[in-house]
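> whatever this is, show me its structure:
(4 chains)
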4 protein chains.
Amino acid sequence: MIVNMSSTATQEQIDHVMERIKECGFLPHLIKGAERTVIGVVGKNRGRRNELEALRVAPGVEDLISISQPFTLVSLQLQTQRTIVNVKDVRIGGPELVVMAGPCSVESREQLMETARAVKAAGATILRGGAYKPRTSPYDFQGLGLEGLKILKEASEETGLPIVTEVMGIEDLDAVVEYADMMQVGARNMQNYPLLRRLATVPRPVLLKRGPSATIKEWLLAAEYLLSGGNPNVVLCERGIKTFDSELRNTLDLVGVALAKELCHLPIVVDPSHATGRRSLVPAASCAAVAIGADGLIIEVHPCPERALSDGPQSLDLPGFAAMMQTLQSAMAVAAAGR
Amino acid sequence: MIVNMSSTATQEQIDHVMERIKECGFLPHLIKGAERTVIGVVGKNRGRRNELEALRVAPGVEDLISISQPFTLVSLQLQTQRTIVNVKDVRIGGPELVVMAGPCSVESREQLMETARAVKAAGATILRGGAYKPRTSPYDFQGLGLEGLKILKEASEETGLPIVTEVMGIEDLDAVVEYADMMQVGARNMQNYPLLRRLATVPRPVLLKRGPSATIKEWLLAAEYLLSGGNPNVVLCERGIKTFDSELRNTLDLVGVALAKELCHLPIVVDPSHATGRRSLVPAASCAAVAIGADGLIIEVHPCPERALSDGPQSLDLPGFAAMMQTLQSAMAVAAAGR
Amino acid sequence: MIVNMSSTATQEQIDHVMERIKECGFLPHLIKGAERTVIGVVGKNRGRRNELEALRVAPGVEDLISISQPFTLVSLQLQTQRTIVNVKDVRIGGPELVVMAGPCSVESREQLMETARAVKAAGATILRGGAYKPRTSPYDFQGLGLEGLKILKEASEETGLPIVTEVMGIEDLDAVVEYADMMQVGARNMQNYPLLRRLATVPRPVLLKRGPSATIKEWLLAAEYLLSGGNPNVVLCERGIKTFDSELRNTLDLVGVALAKELCHLPIVVDPSHATGRRSLVPAASCAAVAIGADGLIIEVHPCPERALSDGPQSLDLPGFAAMMQTLQSAMAVAAAGR
Amino acid sequence: MIVNMSSTATQEQIDHVMERIKECGFLPHLIKGAERTVIGVVGKNRGRRNELEALRVAPGVEDLISISQPFTLVSLQLQTQRTIVNVKDVRIGGPELVVMAGPCSVESREQLMETARAVKAAGATILRGGAYKPRTSPYDFQGLGLEGLKILKEASEETGLPIVTEVMGIEDLDAVVEYADMMQVGARNMQNYPLLRRLATVPRPVLLKRGPSATIKEWLLAAEYLLSGGNPNVVLCERGIKTFDSELRNTLDLVGVALAKELCHLPIVVDPSHATGRRSLVPAASCAAVAIGADGLIIEVHPCPERALSDGPQSLDLPGFAAMMQTLQSAMAVAAAGR
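Okay, the predicted model is just below:
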C-alpha cells in the first residue's frame, strides 16, 4: 500500500499518518518528492488492512494506492497449476472443451427429455436446465421448482449426463444438492455472500456466473469466498456485461476471460446465449470463446424456441445446436492443438 | 405489443404469427406498409404474455416491441396518490425531508451510541447502521451480526430513533424483523427474488436500494415483487450506478430519481455516501437530491472516519454532519415551498 | 510516479528499471516490502514523463502508478481563484446564475426571433441556437449554416443577448468567430484536438461540452489544450454521459460537476435538455444543477416542439420555459445564499 | 414508425396526431387496443421523417417507435454482396485475413524502417504508423506530422507495403492523401462529420474506427456519411468500447463485430492493441477476432516497447509479433475453411 499525501500536507499530518501505520502493525517508508510526499507501507498483516484503508480520509492524505491484488487463493501466483474441476466424470479445465447445453427452464418432462437426448447426441457432456428461475418480473414464469429438479434427475439417469442447475437461495440448497451435480450461482447472485458461504460447504462443484456489472476483480473475490470457505471446485462463467449499447442483451467480455485466466487458476466457461440474447450470434460467439481459451461453453437449447416460456430468442433449436457443434469441432481441434 | 415482421417475411410466415397470436388469446391487427408488415396485438391476457415474447424468434419476425410498462402495482397510472411509508412515527413521502444517518457498520456500543446521539441532535430522524455487512472481499470486516442488532436496538431505545438496517438473507430475516423498524435490501440484493418474496410478507417497511447496474424499470419491477407479494410499504433508494468513470465510487443518477417519480408512486430517498464514495461531495450531492425531489437522504456518519472498519472515506464526521444539516435547512425550506 | 515491480521481479530487472529512471532524468527511490519491491520516482521533468510511461512494459514491472493529476493550468491547486468568463457583458462563474436558452437548430428567422424575445423576457441572458448541426444520420437536417449565423446575429442585435453557437470544424471557424460571441465545442468534438488548438487562438470564450464517454480527467485535459494554447476563457458544460440505462438519452452526472469544481477553477454549466432528452425532466434537473453548484444552464426552447426539426422531445415550449424560470428563482436564491 | 398514444390520450389528441401524419405525407393506421391506441405510420418519405420524430412530444403521445434501420447504403439488405476494399493490391473483405501492423507513432526513420521490415517478414501486408497523433494530454508527444508521413512513404517504397495512417483534421487531409494509401479515422473522430464528408470525396479507402461509446448503429451511420457522400471503400474497425471495468484500457466488443456483419456489407477489422491496452492479451484477442469473422487485424508493434513514445504497454515487440503471426496461421486456416 502507498499513501499519497496531498501536496499541501503538513509535517504534522505526515507524522500522524506514519504513527497510525505503525499502530496497525506495518512499517512506514517515507519518500519526499519535488511536489509531494508518499509513504510506502511495508508488512503483511492482512487482518488489519481494513484499518489502513480508512487512512484515506486522514488529514493531509490525498489517496491510498493498493499495489497487490486483493485475492489470494484463486490467484495463479499462489497456485501455479490450473485447477481441473470434475463434475462426475466430466473434467472442466483440461484439454477437452466441455459443452453444457439444455433449455433455459425445465418446462415439462417431454421438453427436457427431448432436449437432453438431442444435446447428448450432438456432443454435449453436461445437461443444463433451470428449475428455480430468477425473473425480472414477478409476473413471468418462475420455474417448476422441485418438480423441475426431479425431471432433470430423470434425464440425467437416462442419458448419463450430469446436471448443472441454478440455486437461488439457501432455502432451496438442500434440494438442489440432492438432485444436481453442479450448483450454478446466477449472475444476479454473484455477490449474494450468505449463499456463497453456504455453497463453500457443500460437496458439489460450483458454476459462478459473473455479475452483469462485476469487474474481473469483484468476480474473483466472489470466487475467493468459495475457496476460502472450503470449496475449491469452482468454475467461472462469463455471460456478458452491461454496457451503453443495448442493441444486444449484454456485451460479451471475451478479453475478460483471457484476463481472468492470467490472474487465476480456475477454469472458465462462456455463456454466449445470455451474452448475446440472439440465437443467430451464438455460434460465432462460441467459436471466439474457444479461440480465446475458454474451457467450456454453456448453451441454451430448446425444441421449439418460439414456444419457450423463457429466453426463446436466444435459444438454439435442436438442429441449430447440432450444426453449431459440427462447426465447433474444427475450433476445438485448433484449441486442443494450441494447448 | 407490436410484432415487426422482417421486410422479407413471406405471407405464410405472417399467417403463422397471426395464428399464434390468436392461440395465445389475443387479437392480431395487420398493417401492411410500403416496406414491411407489422402486426398489432390487442388484448390483456397478462398470464400468456410470456408466450407472445417467444414469437420474437418465429420465422419472419424481426422484432417484438412492447408498448406498455411491465409493472403495474407500483405505477402512478394505477395509483395516482403518492404512497407515504411510516417507519414508526416517521413519515417518508410526505412534505418533510427524512434524514437517516449513522455509521456504515456497527463497530461497538460506544461508537454507535455516540453517533446516534449526535445525528439525532443534528436533526436526523432515523438511525442507520449495518450489523450484517456484504463485503466484496471475504477478508474484510463482515459486521457484528446479532450483537450489532442488539446495539442498534439499545440506541433506538435511548434516542427514540427508529432503526433501518440491512437484511442480507432469509436466514437472518427473523432476527432483523425483531430488532429493526425498517428492512434494508442492499444494492447487490435488489434482484434476490427469494429474499424479496419473503420481505413481502413481513410487517416492516422495506428500503429497496437500486442495484449498481439496474435500469429504472428493473428497479421498479423489484419493487413490484414486494407489492405483489403483499407489502405496500416500500421506499426506493438511489445509491449510484456503475459507469465508465471510475474516479468516484459510483455515478449518482439524480435524474433517475425524477424519472422514477414520474413512473411510480413510491417514496424515493438518495444515498449520497455510497454514490460518491467521497466525504467532500456528500453535502453538495445531498442538496441536489433535495432539489430534484427526493423524499429523504441516507447518510453515513462516523465519530472518527479515519478509524472506521468500513466506508471511512465516504463517512462524514459528527461536526461535518451537523454542518451539512444546517446547509440542508435552506434546501429543505425551498423544497417544502415547492411542493 | 510509483513503479510497482512484480513479486517475481529479479534483482537485474529492478536494477534495469532504476537505471532507466535515472536516464530519463529522475531519481529512483527503492522500497523493499515483504512481498514485492516498489520504486518511487522523484523529480518533475514533465517533458520526459512519456518515456517513464513506457516502463510499464519493462521486464519485471507489474504496474505504474501516477500520483499527480495530469492537468496543470486548469487546476485549482495552481490557480486558487475561480475564473470568471465574460461573454460580452454576461459574467459566467460569478454569483449570478447564467441561463442560456434557445432552439436546438435555427430553422427560420421567425422561429428564432420569436424564441429569442421569449427567452429574454423570461430571464435568459445568452441566446443559444445551432447553425451547423452534428447529426448522427446524414439524412437528418444539418442546419442552415451561414444563413443560420446571420439570423442569430440579427436576433442578438434586436434583443441584446450574446450568442453561443457550435463550431463543428476549422473550416467554419472564421464565420462563427465573426457572428458569434461564444464558441461551443460539441460533445462529439471534445477530443477534436486540431479544433481545440485553433480555438485556443481565437478572441472568443469557449463552451466546452463534455464528451458522452469522457471521464472528468479527459474533460479537464481537453480544457488544458485550450488554456495551454492561450485561451483562458473556457466554460465547461456537463450534458450527460452514456451509461447502461437507455431509458433516457443520457445520464446527467451532477456529482461530476461538483467533482470538477473541486479539481479546476473554470466555471461549469449544465445542459439538462441533452442530458435527459425529455422535456418533462428539464425543470427538476435544472433545479438540481443549481443546487449542486452549477454556474449556469443551457436550455433548449422551441415555439412549437412538436414541429421542431431537431430535438423536439427535449425542448421546452415558450410558456414551459417561462414557468421553469419562475421555479428557478428560489433555487437561484438558495444558490446565491450558499456562495 | 409506430406512434404509441398514452392510455389517457383523448380522441382530440389522437385526431391531431393523425392529421399531422397526413400533413407530413404519410398514411396513419389506427389500432385501438384494450388499454391504449397505437397508430402505425405507412409511407417512405425519408426527407420528412425528421418532422414525424417531433411528434414524440405532441399532446397525448407516449412514445414513438421506429421499426426500420436508420441506415441504407451500408445495409446488407440493400446490397447483399459483401464489399471488398482494395488498398493498393491488398484486398480486405475477401478470403485472406489482412494484418496491418506497425508502431503507434512514427518516432524516427530507424524505428519505422526496422519495424516495417520485421512486420513484412512476419506476414503483415499493410504498414500502420501515426504521424498525426490525437493525445489526451497536450503535454504528450503529438507525432512528427509531415515528417512522419515522409518516413512512412519511404518505408512503403522499400517494403512494398501500403500505408494506413490517421488523418486528424481537414487541414492535414491533402498531405495524408498524398503520402498514404488508406485514411484512418480515429475513434475520437468517428462522429467528426465535416471530416467524414470530406473523406467521402477523396480517392482513398477509409478505415473507420468505432468511437469508444458509439453504438453499432451510430457506427454504421458514420459509415453511411462516407458512402452517401460518394466513397464506397470503407473498412470498419472495432477497437474496444468504454465500460465500467477499467482494469483494461477498453472492452473489446467482438460480438459487436458479428452483429455489424449481420447488418452491413462492409469489411471489419479488429484492433486488439487499443482494445486491451496490454501486450500479453493481444495474441488471444487476435485469435478470437479471427474466429468470430473479422476480415483483418491492426496491431501495434515496436522494436523496443519500453522506450516507445506512445502506447508502449500495448505494443508487441518484433519477436512477439512474429510469434503471434505463427499462432494465427492455424486460426486463419480455420477461418478460411469456415468461409
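
> all helices in chain A, in order from the N-terminus.
Under the criterion DSSP state H, chain A carries helices at the ranges A:11-23, A:49-54, A:109-122, A:146-159, A:173-179, A:193-199, A:216-228, A:254-263, A:272-276, A:282-292, A:318-338.

> now those helices in JSON lines, with mean neighbour count?
From N, CA and C alone the C-beta is placed, and that goes for glycine too. Converted to JSON lines, those look like this (neighbours: other Cβ atoms under 10 Å in any protein chain shown):
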{"stretch": "helix A:11-23", "mean neighbour count": "16"}
{"stretch": "helix A:49-54", "mean neighbour count": "20"}
{"stretch": "helix A:109-122", "mean neighbour count": "20"}
{"stretch": "helix A:146-159", "mean neighbour count": "18"}
{"stretch": "helix A:173-179", "mean neighbour count": "16"}
{"stretch": "helix A:193-199", "mean neighbour count": "22"}
{"stretch": "helix A:216-228", "mean neighbour count": "23"}
{"stretch": "helix A:254-263", "mean neighbour count": "23"}
{"stretch": "helix A:272-276", "mean neighbour count": "27"}
{"stretch": "helix A:282-292", "mean neighbour count": "27"}
{"stretch": "helix A:318-338", "mean neighbour count": "17"}
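
> what does the stretch 1-150 of chain A have sitting close to chain C?
Contacts of the stretch 1-150 of chain A with chain C, taken as Cβ under 8 Å from any Cβ of the partner chain, map to A:2, A:4, A:7, A:29, A:31-36, A:38, A:40, A:42-44, A:63, A:65, A:67-68, A:77.

> can you rerun that using 7 Å?
A:2, A:4, A:7, A:29, A:31, A:33-36, A:38, A:40, A:42-44, A:65, A:67-68, A:77 (Cβ under 7 Å from any Cβ of the partner chain).

> next one: the stretch 151-300 of chain A
So the stretch 151-300 of chain A meets chain C at A:242-244, A:246 (Cβ under 7 Å from any Cβ).

> relative to A:Met5, how far out is A:Gly60?
Remark: distance between A:Gly60 and A:Met5 (Cβ to Cβ, to the nearest Å) = 6 Å.

> have a look at the two and say which one is more surrounded.
Legend: neighbour count by other Cβ atoms under 10 Å in any protein chain shown for A:Gly60 and A:Met5, higher for A:Met5 (24 against 19).

> just checking, the more buried one touches A:Gly33?
No: counting by Cβ atoms under 7 Å, A:Gly33 is not a contact partner of A:Met5; they are 9.7 Å apart.

> got the phi/psi numbers for the residue nearest to A:Glu147 when sequence neighbours are not counted?
Nearest residue to A:Glu147 in three dimensions, chain neighbours excluded: A:Ala131, at 7.6 Å (Cβ to Cβ, 6 or more residues apart in numbering or on different chains). Dihedral pair for A:Ala131: phi -100, psi -40, per degrees, to the nearest 10.

> centre of the chain to stretch A:33-52, how far?
Distance of stretch A:33-52 from its chain centroid, counting by Cα atoms, centre = their mean, to the nearest Å, is 31 Å.

> which residues do A:Gly60 and A:Met5 both contact?
Both A:Gly60 and A:Met5 are contacted by A:Ile14, under the criterion Cβ atoms under 7 Å, 6 or more residues apart in numbering or on different chains.

> which positions in the stretch 201-339 of chain A make contact with chain B?
Contact residues, the stretch 201-339 of chain A versus chain B (Cβ under 7 Å from any Cβ): A:212-213, A:218, A:221, A:224-225, A:228, A:242, A:279, A:305-309, A:312-313.

> for those, work out which two are farthest apart.
The widest separation within those, taken as Cβ to Cβ, falls between A:Ser228 and A:Glu306 and amounts to 44.9 Å.

> still on that earlier bit, so what's the residue count around the residue nearest to A:Glu147?
So A:Ala131, with other Cβ under 10 Å, has 26 neighbours.

> that one contacts A:Gly145, correct?
Yes: A:Ala131 lies in contact with A:Gly145 (Cβ under 7 Å); the separation is 5.9 Å.

> who touches A:Leu73 in this structure?
Taking Cβ under 7 Å, 6+ apart, one finds A:224, A:227-228 in contact with A:Leu73.

> if you set the cut-off to 8 Å instead, what comes out?
By Cβ atoms under 8 Å, 6 or more residues apart in numbering or on different chains, the residues touching A:Leu73 are A:79, A:224, A:227-228.

> can you show me the strands along the stretch 1-150 of chain A?
All strands of the stretch 1-150 of chain A, identified by DSSP state E, counting those that start in this stretch, fall at A:2-5, A:27-32, A:37-42, A:61-65, A:85-87, A:90-92, A:98-102, A:126-128.

> gap between the spatially closest residue to A:Pro303 that is not a sequence neighbour and D:Val3?
Excluding its sequence neighbours, the residue lying closest to A:Pro303 (Cβ to Cβ, 6+ apart) is A:Glu114, at 5.0 Å. For A:Glu114, the distance to D:Val3 equals 43 Å [Cβ to Cβ].

> can you check A:Pro59 too?
Taking Cβ to Cβ, one finds A:Pro59 at 60 Å from D:Val3.

> repeat for A:Val185
44 Å.

> then A:Arg128?
42 Å.

> of these two, who's got more company?
Counted by other Cβ under 10 Å, A:Arg128 and D:Val3 do not tie: A:Arg128 has more neighbours, with 30 against 27.

> who's in contact with the more buried one?
Counting by Cβ under 8 Å, 6+ apart, A:Arg128 makes contact with A:100-103, A:163-165, A:184, A:298-300.

> do that again at 10 Å, thanks
By Cβ atoms under 10 Å, 6 or more residues apart in numbering or on different chains, the contact set of A:Arg128 is A:99-104, A:106, A:115-116, A:119, A:152, A:161, A:163-166, A:182, A:184, A:207, A:271, A:273, A:298-301.

> and the closest residue to it other than its chain neighbours, how many neighbours?
With sequence-adjacent residues excluded and distances taken as Cβ to Cβ, 6+ apart, A:Arg128 is closest to A:Gly102, at 4.0 Å. Neighbour count of A:Gly102, defined by other Cβ under 10 Å: 31.

> so what pairs up with A:Gly102 in the strands?
As for beta bridges, A:Gly102 partners with A:Glu300 under DSSP bridges.

> my guess is it meets A:Ile151, correct?
No: counting by Cβ atoms under 10 Å, A:Ile151 is not a contact partner of A:Gly102; they are 11.1 Å apart.

> common neighbours of these two, please.
By the contact definition Cβ under 10 Å, 6+ apart, A:Gly102 and A:Ile151 are jointly contacted by A:111-112, A:116, A:129.

> kindly reformat these as TSV and extend each row with distance to B:Leu55 and pLDDT.
Output for these, formatted as TSV (distance: Cβ to Cβ, whole Å; pLDDT from 0 to 100):
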residue	distance to B:Leu55	pLDDT
A:Gln111	18	97
A:Leu112	22	98
A:Ala116	25	98
A:Gly129	22	97
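
> which among these are in contact with chain D?
Among the shared contacts of A:Gly102 and A:Ile151, no residue is within reach of chain D (Cβ under 10 Å from any Cβ of the partner chain).

> circling back to that earlier point, so how far is chain D from the residue nearest to A:Pro303?
Between A:Glu114 and chain D the computed distance is 29 Å (Cβ to the nearest Cβ, to the nearest Å).

> CA atoms only for stretch A:254-274, dumped as CSV, please.
What follows is stretch A:254-274, C-alpha atoms only, in CSV (Å, rounded to 0.1, in the frame of the first residue of the first chain):
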residue,chain,number,x,y,z
LEU,A,254,-14.1,-12.3,-24.1
VAL,A,255,-10.9,-10.5,-23.3
GLY,A,256,-12.1,-10.5,-19.7
VAL,A,257,-11.9,-14.3,-20.0
ALA,A,258,-8.3,-14.1,-21.1
LEU,A,259,-7.5,-11.6,-18.4
ALA,A,260,-9.1,-13.8,-15.7
LYS,A,261,-7.0,-16.7,-16.9
GLU,A,262,-3.9,-14.6,-16.4
LEU,A,263,-4.9,-13.8,-12.9
CYS,A,264,-6.4,-17.1,-11.5
HIS,A,265,-6.1,-20.8,-11.9
LEU,A,266,-9.8,-21.7,-12.1
PRO,A,267,-11.5,-23.0,-15.3
ILE,A,268,-13.7,-20.5,-17.2
VAL,A,269,-16.7,-21.2,-19.4
VAL,A,270,-18.6,-18.8,-21.6
ASP,A,271,-22.4,-18.4,-21.9
PRO,A,272,-23.0,-17.0,-25.4
SER,A,273,-26.7,-17.3,-25.1
HIS,A,274,-27.2,-14.8,-22.3
